[in-house]
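Engineer: Have a look at this fold, sequence not included:
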């Protein structure tokens, strides 16, 4: 300045990782991805120039801090100060390089893959995990360090601890932990995709030849987050070591100490997360490889052993041990120690056979699953390498032999500590699933749903008999002499140009149930399938359509490529006297059910329903339904078939007799 004094230097910027900054960074990355997706002007072989969106390459800067200042400045510093400045310079430059590597992953790798459309959203998430969240945390830090370096250009950097203290105080360590935990899966997916997808392999080959990548490949970039986290404590403690212990530096020393401690705790969080992830993957592998064929008789429930039901279940240890079976030679087993149970297995062809050799005092097979909360752990007095496990529930004892004395002590301690802290296993055995003969097919479920809807209107019937063709309850109170109209089943397939090929109207005055077909497009699939104007749509895919409810009908067909309509002509409806409470009720009848003697599975008859369209009379159509006295004519239960003819309540005669 004009007075010749030193110009006051503003304090270094301290980034506060607040929510609005994170949202700003996220929106910026999303905008970039949107630009890449809209960038269709490039030829398939062309690749975007990313020099304008990537941070500057710190490798082009001087290697040493000494090369950035003049000799006069260096003469004022002692050796300890010089070492401190070199450590600060290394911290800043490596942070810039780290953020540049993240940007390469986001803008080049993911950007080009998005532009080519080679991966689905779930595959992108698998390959890049929460990369945006990691960048949101480090972007303000990189910016603050760059500004600090510019302000101190040509002179020493005095304070840097507050910048990193803000990072570790405000950031969520699980963000880094989630990314590191997905690293293995991302690299495996990368290698698998290179082998199976030629287009992906070609694109990645071009990407990894770009000069910005400096001959690094995707796995190298993906490992940068874990590597960076491990360096933070070392770099911060190095700066702290060479910071003079003076009163003027008290705040800087406190910030560096706290930041280094938090950085170390971040690594512990990541390590814990990684171990939990590895345990989960190992448990999933054991569950997939579990062979329960040896679980017979009283051990049969263990065929439904579910190791994944309890999310808190962890593996503490596994390995080979010998088990003494009566007076026979010891046999080798593979013992898996969880926090709540012990599994006795035999390893065969990369599978874990759930089996424990030997029998208990009752002559039954020993359980291969031992609950630690019911187990006493003792050392065998006569055998230095022996461990005794006593099941308190059935007084069964397991005699184990370790391979050495040291192994025995280690195994004994681990099992003893696990048993002391064990809780009762949760959901260890899966609920018994429905057997095949107990399962209900979707078609049968649809039929039962229709019957339940009919019963809700008619009241509980006294007798319902299955018939082969369609049923029609459009007017259950018509007299026996009247002819009943029969509904038709029409199947439509949606086309790109015609859509469904028909429109519906909610103003049909003649309808009491369903909606009126207003028009049918000429030459459309609807016309070829037999749909006509003034048809009334009663059911769509088995679901009844309320009277004149076009909105409901649109909901039932929305998003589908194939629908099944049940229609009746308006003229037929107008010719039949209807009851206000029952008008418009119709449904596809269930086809006769037959029992397959081989597996006792209830299956629907495969004979088609197209015969309905060929028959002229409706006497053989529908179900035989006995109406309650409140609905039946004359106050007596009467059974009506779809043809309007009465049948006896026992279903033994007439056109409505049930099969």
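Structural biologist: That came in fine, so what should we check first? Because the structure is a prediction, the values reported are computed rather than measured.

Engineer: which stretches of the stretch 151-300 of the chain form strands?
Structural biologist: 290-291 (DSSP state E, counting those that start in this stretch).

Engineer: Which parts of it are helices?
Structural biologist: Taking DSSP state H, counting those that start in this stretch as the criterion, the stretch 151-300 of the chain carries its helices at 161-170, 173-181, 183-196, 198-207, 218-222, 224-241, 250-289.

Engineer: and the third one with helix 173-181, angle?
Structural biologist: On the basis of axes from the mean of the first three to the mean of the last three Cα atoms, to 10 degrees, helix 183-196 is oriented at 40 degrees to helix 173-181.

Engineer: I'd like the helices of the stretch 151-300 of the chain laid out as a markdown table, including mean pLDDT.
Structural biologist: Shown next, in a markdown table, are the helices of the stretch 151-300 of the chain (pLDDT from 0 to 100):
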| stretch | mean pLDDT |
| --- | --- |
| helix 161-170 | 85 |
| helix 173-181 | 90 |
| helix 183-196 | 94 |
| helix 198-207 | 94 |
| helix 218-222 | 95 |
| helix 224-241 | 92 |
| helix 250-289 | 90 |
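
Engineer: Redo those as JSON lines? Include mean neighbour count and distance to residue 348.
Structural biologist: Heads up, the C-betas are built off the backbone N, CA and C, glycines and all. Below are the helices of the stretch 151-300 of the chain laid out as JSON lines (neighbours: other Cβ atoms under 10 Å; distance: least, Cβ to Cβ, whole Å):
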{"stretch": "helix 161-170", "mean neighbour count": "21", "distance to residue 348": "49"}
{"stretch": "helix 173-181", "mean neighbour count": "20", "distance to residue 348": "31"}
{"stretch": "helix 183-196", "mean neighbour count": "14", "distance to residue 348": "26"}
{"stretch": "helix 198-207", "mean neighbour count": "14", "distance to residue 348": "37"}
{"stretch": "helix 218-222", "mean neighbour count": "18", "distance to residue 348": "34"}
{"stretch": "helix 224-241", "mean neighbour count": "19", "distance to residue 348": "36"}
{"stretch": "helix 250-289", "mean neighbour count": "16", "distance to residue 348": "10"}
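
Engineer: out of those, which comes closest to residue 108?
Structural biologist: Taking Cβ to Cβ, helix 198-207 is the member of these nearest to residue 108, at 6.0 Å.

Engineer: Residue 345 belongs to a strand?
Structural biologist: Yes: with DSSP: H, G, I helix; E, B strand; the rest coil as the criterion, residue 345 is located in a strand.

Engineer: ok, and the closest non-adjacent residue to it?
Structural biologist: residue 352 (4.1 Å; Cβ to Cβ, 6 or more residues apart in numbering).

Engineer: Also residue 181?
Structural biologist: In space, residue 181 is closest to residue 277, 4.2 Å off (Cβ to Cβ, 6+ apart).

Engineer: Relative to residue 184, how far out is the one you found?
Structural biologist: Going from residue 277 to residue 184 by Cβ to Cβ, to the nearest Å gives 8 Å.

Engineer: picking that back up, strands paired with the helix or strand containing the residue nearest to residue 345, and their directions?
Structural biologist: If you go by DSSP states H and E, residue 352 is part of strand 351-354. Strand 351-354 has these partner strands in its sheet, going by DSSP bridges: strand 290-291 (parallel), strand 341-348 (antiparallel).

Engineer: and those, which is most packed in?
Structural biologist: strand 341-348 (a mean of 20; mean count of other Cβ atoms under 10 Å).

Engineer: quick one: it to helix 250-289, angle?
Structural biologist: Relative orientation of strand 341-348 and helix 250-289, computed by the same axes, to 10 degrees: 60 degrees.

Engineer: ok, and what's touching strand 341-348?
Structural biologist: By Cβ atoms under 8 Å, 6 or more residues apart in numbering, the residues outside strand 341-348 that reach it are 286, 290-291, 323, 333-336, 352-356, 366, 368-372, 375, 389, 398, 415, 425, 428.

Engineer: let's see 7 Å
Structural biologist: With Cβ atoms under 7 Å, 6 or more residues apart in numbering as the test, strand 341-348 has contacts from 333-336, 352-356, 368-372, 425.

Engineer: pLDDT below threshold where in this protein?
Structural biologist: 1-47, 432-446, 448-486, 496-498, 507-512, 571, 573-659 (pLDDT under 70).

Engineer: the helices in the stretch 401-550 of the chain, which residues?
Structural biologist: 405-421, 442-458, 525-528, 550-557.

Engineer: returning to that earlier point: want to try TSV for the strands paired with strand 351-354, with distance to residue 317 as columns?
Structural biologist: Formatted as TSV, the strands paired with strand 351-354 follow (distance: least, Cβ to Cβ, whole Å):
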stretch	distance to residue 317
strand 290-291	18
strand 341-348	10
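
Engineer: Of all the ones you listed, which one is nearest residue 88?
Structural biologist: strand 341-348 (52.7 Å).

Engineer: hang on, the earlier thing: quick one: buried residues of the strand holding residue 352?
Structural biologist: Buried residues in strand 351-354, counted by 16 or more other Cβ atoms under 10 Å: 352-354.

Engineer: what's the closest of these to residue 327?
Structural biologist: residue 353 (23.6 Å).

Engineer: Give me the phi and psi for the closest residue to residue 156 other than its chain neighbours.
Structural biologist: In space, and not counting its chain neighbours, residue 156 is closest to residue 85: 5.3 Å by Cβ to Cβ, 6+ apart. Here is the backbone geometry of residue 85 (degrees, to the nearest 10): phi -70, psi -40.

Engineer: What's the local residue count around residue 85?
Structural biologist: 25 (other Cβ atoms under 10 Å).

Engineer: swap in the one 10 residues further on?
Structural biologist: Summarising burial for residue 95: neighbours were counted as other Cβ under 10 Å, giving 24.

Engineer: Make 30 the first number, not 1, from now on.
Structural biologist: Sure, I'll start counting at 30 from here, so that last one is residue 124.

Engineer: can you tell me the helix or strand for it?
Structural biologist: helix 108-132.

Engineer: re earlier: now the residue nearest to residue 210: how far from residue 299?
Structural biologist: Between residue 306 and residue 299 the computed distance is 10 Å (Cβ to Cβ).

Engineer: same thing with residue 337?
Structural biologist: Counting by Cβ to Cβ - residue 337 and residue 299 are separated by 24 Å.

Engineer: residues touching residue 86, list them.
Structural biologist: residue 129.

Engineer: which residue packs closest to residue 207, ignoring adjacent ones?
Structural biologist: residue 159 (5.4 Å).

Engineer: burial of that neighbour, as a residue count?
Structural biologist: Look at residue 159: counted by other Cβ under 10 Å, it has 15 neighbours.

Engineer: shouldn't it be in contact with residue 203?
Structural biologist: No: with contact defined as Cβ atoms under 7 Å, residue 159 does not count as touching residue 203 (9.5 Å).

Engineer: Which phi and psi values does residue 85 adopt?
Structural biologist: phi -60, psi 150.

Engineer: what number of residues lie near it?
Structural biologist: 11.

Engineer: What of the one 3 residues further on?
Structural biologist: Per other Cβ under 10 Å, the neighbour tally for residue 88 reads 11.

Engineer: got the contact list for it?
Structural biologist: residue 126.

Engineer: Of the strands paired with strand 380-383, which is nearest residue 594?
Structural biologist: Per Cβ to Cβ, nearest to residue 594 of the strands paired with strand 380-383: strand 319-320, 48.7 Å.
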